[in-house]
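1. Sequence and predicted structure are below.
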2 protein chains.
Amino acid sequence: MLVNINSIEFIGLIAASLTTYAFLPQVYKTWKTKDVSAFSLPTFFLFFIGIIFWLVYGIYMKSLSMILANTVTLVSSFTLLVLILKYRKR
Amino acid sequence: MLVNINSIEFIGLIAASLTTYAFLPQVYKTWKTKDVSAFSLPTFFLFFIGIIFWLVYGIYMKSLSMILANTVTLVSSFTLLVLILKYRKR
(Lines give C-alpha, C1' and ligand atoms only; values in the text may rest on other atoms or scores of the structure.)
Protein backbone atom coordinates (compact mmCIF):
# COMPACT_ATOMS: atom_id res chain seq x y z
CA MET A 1 0.00 0.00 0.00
CA LEU A 2 1.40 3.35 -1.08
CA VAL A 3 1.33 6.39 1.13
CA ASN A 4 -0.35 9.22 -0.74
CA ILE A 5 2.24 11.98 -1.17
CA ASN A 6 1.47 14.80 -3.58
CA SER A 7 4.04 16.28 -5.93
CA ILE A 8 4.74 19.30 -3.69
CA GLU A 9 5.53 17.01 -0.75
CA PHE A 10 7.67 14.92 -3.08
CA ILE A 11 9.87 17.97 -3.78
CA GLY A 12 9.99 18.63 -0.04
CA LEU A 13 11.10 15.08 0.66
CA ILE A 14 13.93 15.38 -1.90
CA ALA A 15 14.97 18.63 -0.16
CA ALA A 16 14.70 16.95 3.25
CA SER A 17 16.78 13.94 2.14
CA LEU A 18 19.52 16.14 0.66
CA THR A 19 20.02 18.59 3.53
CA THR A 20 19.61 15.85 6.15
CA TYR A 21 22.01 13.41 4.52
CA ALA A 22 24.45 16.28 3.82
CA PHE A 23 25.45 16.50 7.49
CA LEU A 24 26.55 12.88 7.80
CA PRO A 25 29.92 13.16 5.97
CA GLN A 26 30.73 16.26 8.05
CA VAL A 27 29.85 14.59 11.37
CA TYR A 28 31.90 11.53 10.36
CA LYS A 29 34.91 13.61 9.23
CA THR A 30 34.87 15.80 12.35
CA TRP A 31 34.46 12.79 14.64
CA LYS A 32 37.45 11.05 12.97
CA THR A 33 39.84 13.99 12.57
CA LYS A 34 38.84 16.05 15.65
CA ASP A 35 39.73 19.04 13.44
CA VAL A 36 37.33 21.86 14.25
CA SER A 37 39.68 24.83 13.81
CA ALA A 38 37.96 26.07 10.65
CA PHE A 39 34.45 26.07 12.13
CA SER A 40 32.68 29.16 13.38
CA LEU A 41 31.11 28.39 16.77
CA PRO A 42 28.41 31.12 16.49
CA THR A 43 27.37 29.60 13.14
CA PHE A 44 26.72 26.15 14.55
CA PHE A 45 25.10 27.52 17.71
CA LEU A 46 22.68 29.80 15.81
CA PHE A 47 22.01 27.08 13.24
CA PHE A 48 21.06 24.60 15.98
CA ILE A 49 18.67 27.08 17.67
CA GLY A 50 17.24 27.93 14.23
CA ILE A 51 16.53 24.26 13.50
CA ILE A 52 14.41 24.05 16.69
CA PHE A 53 12.27 26.93 15.34
CA TRP A 54 12.06 25.32 11.86
CA LEU A 55 10.84 22.11 13.50
CA VAL A 56 8.10 23.98 15.42
CA TYR A 57 7.18 25.84 12.21
CA GLY A 58 7.06 22.53 10.28
CA ILE A 59 4.71 21.04 12.87
CA TYR A 60 2.36 24.05 12.60
CA MET A 61 2.56 23.92 8.78
CA LYS A 62 1.75 20.17 8.91
CA SER A 63 4.74 19.64 6.62
CA LEU A 64 5.98 16.04 6.71
CA SER A 65 9.20 17.03 4.91
CA MET A 66 10.06 19.78 7.40
CA ILE A 67 9.26 17.64 10.43
CA LEU A 68 11.42 14.73 9.19
CA ALA A 69 14.31 16.90 8.00
CA ASN A 70 14.49 19.13 11.06
CA THR A 71 14.18 16.29 13.57
CA VAL A 72 17.18 14.49 12.09
CA THR A 73 19.13 17.72 11.46
CA LEU A 74 18.54 18.71 15.08
CA VAL A 75 20.44 15.59 16.15
CA SER A 76 23.29 15.96 13.63
CA SER A 77 23.74 19.70 14.21
CA PHE A 78 23.74 19.10 17.98
CA THR A 79 26.40 16.40 17.53
CA LEU A 80 28.56 18.78 15.49
CA LEU A 81 28.10 21.54 18.06
CA VAL A 82 29.24 19.21 20.85
CA LEU A 83 32.29 18.10 18.80
CA ILE A 84 33.22 21.75 18.10
CA LEU A 85 32.88 22.67 21.79
CA LYS A 86 34.89 19.60 22.79
CA TYR A 87 37.81 19.96 20.37
CA ARG A 88 38.19 23.70 19.90
CA LYS A 89 41.28 25.44 21.23
CA ARG A 90 40.53 28.21 23.70
CA MET B 1 1.10 50.28 8.08
CA LEU B 2 1.82 46.83 9.48
CA VAL B 3 2.17 43.77 7.29
CA ASN B 4 -0.22 41.11 8.54
CA ILE B 5 1.89 38.15 9.65
CA ASN B 6 0.22 35.42 11.68
CA SER B 7 1.86 33.74 14.65
CA ILE B 8 2.89 30.65 12.67
CA GLU B 9 4.70 32.81 10.12
CA PHE B 10 6.27 34.73 13.01
CA ILE B 11 7.88 31.49 14.27
CA GLY B 12 8.99 30.77 10.70
CA LEU B 13 10.58 34.19 10.41
CA ILE B 14 12.53 33.66 13.66
CA ALA B 15 13.71 30.31 12.24
CA ALA B 16 14.59 31.96 8.93
CA SER B 17 16.52 34.77 10.64
CA LEU B 18 18.51 32.35 12.81
CA THR B 19 19.58 29.82 10.16
CA THR B 20 20.18 32.55 7.58
CA TYR B 21 22.25 34.78 9.86
CA ALA B 22 24.10 31.69 11.17
CA PHE B 23 26.09 31.32 7.94
CA LEU B 24 27.58 34.82 8.01
CA PRO B 25 30.26 34.25 10.72
CA GLN B 26 31.31 31.06 8.91
CA VAL B 27 31.57 32.76 5.50
CA TYR B 28 33.54 35.64 7.08
CA LYS B 29 35.89 33.30 8.99
CA THR B 30 36.53 31.08 5.96
CA TRP B 31 37.07 34.08 3.70
CA LYS B 32 39.60 35.56 6.17
CA THR B 33 41.51 32.41 7.20
CA LYS B 34 41.24 30.43 3.93
CA ASP B 35 41.19 27.39 6.27
CA VAL B 36 38.85 24.80 4.77
CA SER B 37 40.69 21.62 5.83
CA ALA B 38 38.03 20.60 8.35
CA PHE B 39 35.11 20.90 5.92
CA SER B 40 33.49 17.98 4.18
CA LEU B 41 33.04 18.85 0.49
CA PRO B 42 30.12 16.39 -0.04
CA THR B 43 28.32 18.04 2.89
CA PHE B 44 28.42 21.52 1.41
CA PHE B 45 27.65 20.27 -2.10
CA LEU B 46 24.58 18.26 -1.01
CA PHE B 47 23.47 21.06 1.30
CA PHE B 48 23.59 23.57 -1.56
CA ILE B 49 21.55 21.32 -3.89
CA GLY B 50 19.12 20.64 -1.02
CA ILE B 51 18.57 24.38 -0.48
CA ILE B 52 17.48 24.73 -4.13
CA PHE B 53 14.79 22.09 -3.49
CA TRP B 54 13.75 23.76 -0.20
CA LEU B 55 13.35 27.05 -2.08
CA VAL B 56 11.11 25.41 -4.72
CA TYR B 57 9.13 23.69 -1.92
CA GLY B 58 8.78 27.02 -0.07
CA ILE B 59 7.43 28.69 -3.21
CA TYR B 60 4.83 25.91 -3.67
CA MET B 61 3.94 26.08 0.04
CA LYS B 62 3.56 29.88 -0.27
CA SER B 63 5.80 30.18 2.81
CA LEU B 64 7.35 33.64 3.11
CA SER B 65 9.81 32.38 5.75
CA MET B 66 11.08 29.52 3.59
CA ILE B 67 11.39 31.68 0.48
CA LEU B 68 13.35 34.40 2.32
CA ALA B 69 15.58 31.98 4.26
CA ASN B 70 16.41 29.70 1.35
CA THR B 71 17.09 32.53 -1.10
CA VAL B 72 19.70 34.06 1.21
CA THR B 73 21.08 30.66 2.32
CA LEU B 74 21.46 29.69 -1.34
CA VAL B 75 23.87 32.61 -1.77
CA SER B 76 25.83 32.00 1.45
CA SER B 77 26.08 28.22 0.96
CA PHE B 78 27.22 28.78 -2.64
CA THR B 79 29.87 31.22 -1.40
CA LEU B 80 31.12 28.67 1.15
CA LEU B 81 31.16 25.93 -1.50
CA VAL B 82 33.26 28.11 -3.81
CA LEU B 83 35.68 28.95 -0.96
CA ILE B 84 36.04 25.24 -0.09
CA LEU B 85 36.68 24.31 -3.74
CA LYS B 86 39.17 27.17 -4.08
CA TYR B 87 41.22 26.57 -0.93
CA ARG B 88 41.10 22.80 -0.42
CA LYS B 89 44.28 20.78 -0.88
CA ARG B 90 43.99 18.09 -3.53
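-> Here it is on my side, so go on.
2. Give me the longest helix you can find in chain A.
-> In chain A, assigned by DSSP state H, the helix with the most residues is helix A:7-33.
3. So, low pLDDT: which residues of chain A?
-> For chain A, residues meeting the criterion pLDDT under 70 lie at A:1-4, A:90.
4. Can you pull up the most central residue in it?
-> Chain A has residue A:73 as the residue nearest its centroid, 2.1 Å off, counting by CA atoms, centre = their mean.
5. for the longest helix of chain A, the distance to its chain's centre please.
-> The chain centroid and the centroid of helix A:7-33 are separated by 7 Å, computed with CA atoms, centre = their mean, to the nearest Å.
6. list the helices and strands it packs on?
-> In this structure, helix A:7-33 packs against helix A:64-87, helix B:41-60, with contacts taken as 3 or more CB pairs under 8 Å, 6 or more residues apart in numbering or on different chains; DSSP states H and E. (Glycine included, C-beta is placed from N, CA and C.)
7. Next, the angle helix B:7-33 makes with the first one.
-> Spelled out, it's helix A:64-87. Orientation check (axes from the mean of the first three to the mean of the last three CA atoms, to 10 degrees): helix A:64-87 against helix B:7-33 gives 40 degrees.
8. need the contact list for residue A:74.
-> For residue A:74, the contacting residues are A:48, A:51-52, A:55, taking CB atoms under 8 Å, 6 or more residues apart in numbering or on different chains as the criterion.
9. ok, which of those residues also contact chain B?
-> If you filter the contacts of residue A:74 for contact with chain B, counting by CB under 8 Å from any CB of the partner chain, you are left with residue A:51.
10. ok, and the most crowded of the contacts of residue A:74?
-> Going through the contacts of residue A:74 with other CB atoms under 10 Å in any protein chain shown as the criterion, the one with the most neighbours is residue A:51, at 24 neighbours.
11. That one and residue A:75, how far apart?
-> The span separating residue A:51 from residue A:75 equals 10 Å under the rule CB to CB, to the nearest Å.
12. that older thread, hmm, residue A:18 and the residue nearest to the centre of chain A touching each other?
-> No. Using CB atoms under 8 Å, residue A:73 is not in contact with residue A:18; the gap is 11.2 Å.
13. Residue B:55 versus the closest residue to residue A:81 other than its chain neighbours, what's the distance?
-> Nearest-residue entry for residue A:81: residue A:44, 4.8 Å, with adjacent residues in sequence omitted and distances by CB to CB, 6 or more residues apart in numbering or on different chains. When CB to CB is applied, the distance between residue A:44 and residue B:55 equals 22 Å.
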